[in-house]
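> whatever this is, show me its structure:
(one chain, ligands or ions: 2)
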Amino acid sequence: MKVKFWGTRGSIATPQPEHVRYGGDTSCVEVRTSDKGTLLILDGGTGIRRLGIDLFQDKSWNRKGHILLSHAHWDHIQGIPFFGPAFDPKNDFTFYGQFKVDGRLEDVLRGQMEYNYFPVRLGDMGAGMKFVELVEQTITIDDVAVTTCHLPHPQGCFGYRIDDGQAVLVYMTDNELEPAGLSEKHISLARDADLLIFDTMYTEEEFARKRGWGHSTWRVGIELAERAGAKQLCMFHHSPDYDDGKMDDLLSLARKHFPNVMAATRDLEVELHGEGSGAKQPQKAPRKKDEVSADYTIKEDSKKILGVIAAASVDKFKSEKFRNTVLGAMHSGLRAVYVDLDALPEIDSLALGTLATFIDKARDLDVHVCVKDPSPLVKEVLLITRFDQVVEFVSSKGDVPPKKRTKAKSKG
Ligand SMILES: [Zn+2]
Ligand SMILES: [Zn+2]
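Ligands and ions are numbered 1, 2, ... in the order given. Below you'll find the predicted structure:
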């Protein structure tokens, strides 16, 4: 796996000469997977502009990219309007971010390009764009398993674990953690990582003054790396107030406590081979095992209605296999997707996330969705998330409307 740091700075770009070694652009990390060279981009801070220039020269690139956003604070999305390859209709990008009840990922990205702020709209950029909202889960992108985890940060942030079967990269920017506050969830996200990129924005003194601002210290980064058995810690999201000299001092201080610490610098390239990564744990890959048997039904009938009948297990409902099978069976020629939740005994946030991806895709395809027998919780969440505009609640299959709904949303 190849990793390149195009943006390393936290909060705001700092283009002054005394910041040049550790980088002045805000968060953006390019990842190429070991076998297929799949392009993943972690965050779209100002650094993504220079990555875009680089991609124009890359003749081997297959014109597809997956942009994993930790969150939508400016320093993580501000470069997207200047990402050249997103203006080329021959290219395709999929954006991934947190599923939120108070805002769609697409709307958030569109918001920063509204006419008051920018002359070009997101929908006018030209490249194919898809938006995938995630909860805490593991998904497969080409040849990579990507696991998400919520991090404590104002308005929330996602940590990502990227496992291509040969090496593991963990990206945990923007989080406020303390050694005592490290949970099993955070430790397992970072477990045996070949490289752990971590928000080390504050010194101890600064952290004491800025509790609640959402950032950590190198000390908690080391604690996490040690407890998780991560092989290398990478200091990241450098404070805009720290010049190269101060960063040198912080790095050497951190190295006294943990030898395998590095700091992200401008255009730093790291190759991860994952040697020995299985030494502590024979099963280093956390790929989710799908144990889904055939007791759910996904079938299109002669009336062009795709029936999706949930199995009596919430684990099956939220499994990747079920999700991918349903998404794969959906197409724009359908009259409706009919989701029967009758057998499902309960529903949790992951299962709701799965349901949301079905509805989202149906909306993109302009296909009507009927949800049979939803629980009051499901109904409430669909109303809050505004999915009720696309979804109809029914009590039997006879209620499926006779024709496709009319388009309620203009795509941008
Ligand atoms: Zn940030
Ligand atoms: Zn932030």
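> within range of ligand 2, give me the residues from this protein.
By Cβ under 5 Å from the ion, the residues of the chain that approach ligand 2 are H73, D174. From N, CA and C alone the C-beta is placed, and that goes for glycine too.
> at 8 Å instead, please
Residues of the chain lying near ligand 2 by Cβ under 8 Å from the ion: 10-11, 70-71, 73, 75-76, 153-155, 157, 173-174, 214.
> so where do the helices sit in the stretch 301-412 of the chain?
Ranges of helices in the stretch 301-412 of the chain, per DSSP state H, counting those that start in this stretch, are 314-317, 320-329, 349-365, 376-384.
> before we move on, the earlier item: and the residues of the chain next to ligand 2, which of them are in strands?
Counted as lying in strands by DSSP state E, out of the residues of the chain next to ligand 2, are C157.
> which ones among the residues of the chain next to ligand 2 map onto helices?
Under the assignment DSSP state H, the residues of the chain next to ligand 2 contribute D75, H76 to helices.
> rewinding a little: got the helices of the stretch 301-412 of the chain as CSV, with mean neighbour count, distance to G123 and mean pLDDT columns?
CSV is the format used below for these (neighbours: other Cβ atoms under 10 Å; distance: least, Cβ to Cβ, whole Å; pLDDT from 0 to 100):
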stretch, mean neighbour count, distance to G123, mean pLDDT
helix 314-317, 19, 33, 84
helix 320-329, 16, 23, 89
helix 349-365, 20, 13, 84
helix 376-384, 14, 25, 76
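> need those helices in JSON lines (columns: distance to I197).
Below are these laid out as JSON lines (distance: least, Cβ to Cβ, whole Å):
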{"stretch": "helix 314-317", "distance to I197": "31"}
{"stretch": "helix 320-329", "distance to I197": "25"}
{"stretch": "helix 349-365", "distance to I197": "25"}
{"stretch": "helix 376-384", "distance to I197": "33"}
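> out of the ones you listed, nearest to P179?
Nearest to P179, of all the helices of the stretch 301-412 of the chain, is helix 349-365, at 27.8 Å by Cβ to Cβ.
> pull the CA atoms of that closest one into PDB?
Extracted C-alpha coordinates of helix 349-365, given in PDB (Å, rounded to 0.1, in the frame of the first residue of the first chain):
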ATOM      1  CA  SER A 349     -28.500   2.000  13.800                       C
ATOM      2  CA  LEU A 350     -26.500  -0.200  11.500                       C
ATOM      3  CA  ALA A 351     -29.700  -1.800  10.100                       C
ATOM      4  CA  LEU A 352     -31.200   1.600   9.700                       C
ATOM      5  CA  GLY A 353     -28.100   2.600   7.800                       C
ATOM      6  CA  THR A 354     -28.600  -0.400   5.500                       C
ATOM      7  CA  LEU A 355     -32.200   0.600   4.900                       C
ATOM      8  CA  ALA A 356     -31.100   4.200   4.200                       C
ATOM      9  CA  THR A 357     -28.700   3.000   1.400                       C
ATOM     10  CA  PHE A 358     -31.600   1.200  -0.300                       C
ATOM     11  CA  ILE A 359     -33.800   4.200  -0.200                       C
ATOM     12  CA  ASP A 360     -31.000   6.500  -1.300                       C
ATOM     13  CA  LYS A 361     -30.300   4.300  -4.300                       C
ATOM     14  CA  ALA A 362     -34.000   4.100  -5.100                       C
ATOM     15  CA  ARG A 363     -34.100   7.900  -5.000                       C
ATOM     16  CA  ASP A 364     -31.200   8.200  -7.400                       C
ATOM     17  CA  LEU A 365     -32.900   5.700  -9.700                       C
END
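> what's next to that helix, contact-wise?
Outside helix 349-365, the residues within contact range by Cβ atoms under 8 Å, 6 or more residues apart in numbering are 99, 131-137, 308, 314, 317-318, 322-323, 326-327, 330-332, 334, 337, 339, 344, 347, 368-369, 371, 378, 381-382, 385, 387, 390-391, 409, 411.
> which of these count as buried?
99, 131-137, 308, 314, 317-318, 322-323, 326, 330, 334, 337, 339, 344, 347, 368-369, 371, 378, 381-382, 385, 387, 390-391 (16 or more other Cβ atoms under 10 Å).
> inside strands: which ones of those?
Judged by DSSP E, those include F131, V132, E133, L134, V308, V337, V339, H368, V369, V371, V391 as members of strands.
> and the closest residue to ligand 2 within the stretch 51-200 of the chain, what's its pLDDT?
Residue nearest to ligand 2 within the stretch 51-200 of the chain (Cβ to the ion): H73, separated by 3.5 Å. If you check H73, the pLDDT there is 97.
> find the nearest non-adjacent residue to D244, please.
R21 (4.5 Å; Cβ to Cβ, 6 or more residues apart in numbering).
> check contacts around that neighbour.
For R21, the contact set (Cβ under 8 Å, 6+ apart) comprises D244, M247, T265, R266.
> can you give me phi and psi for it?
Dihedral angles of R21 (phi, psi; degrees, to the nearest 10) stand at phi -70, psi -40.
> ok, now I67?
The phi/psi pair for I67 (degrees, to the nearest 10) reads phi -100, psi 110.
> and for W213?
W213 adopts backbone torsions of phi -80, psi -10, taken as degrees, to the nearest 10.
> touching, it and E176? I think so.
Yes: applying Cβ atoms under 8 Å as the test, W213 and E176 come out as touching, 7.2 Å apart.
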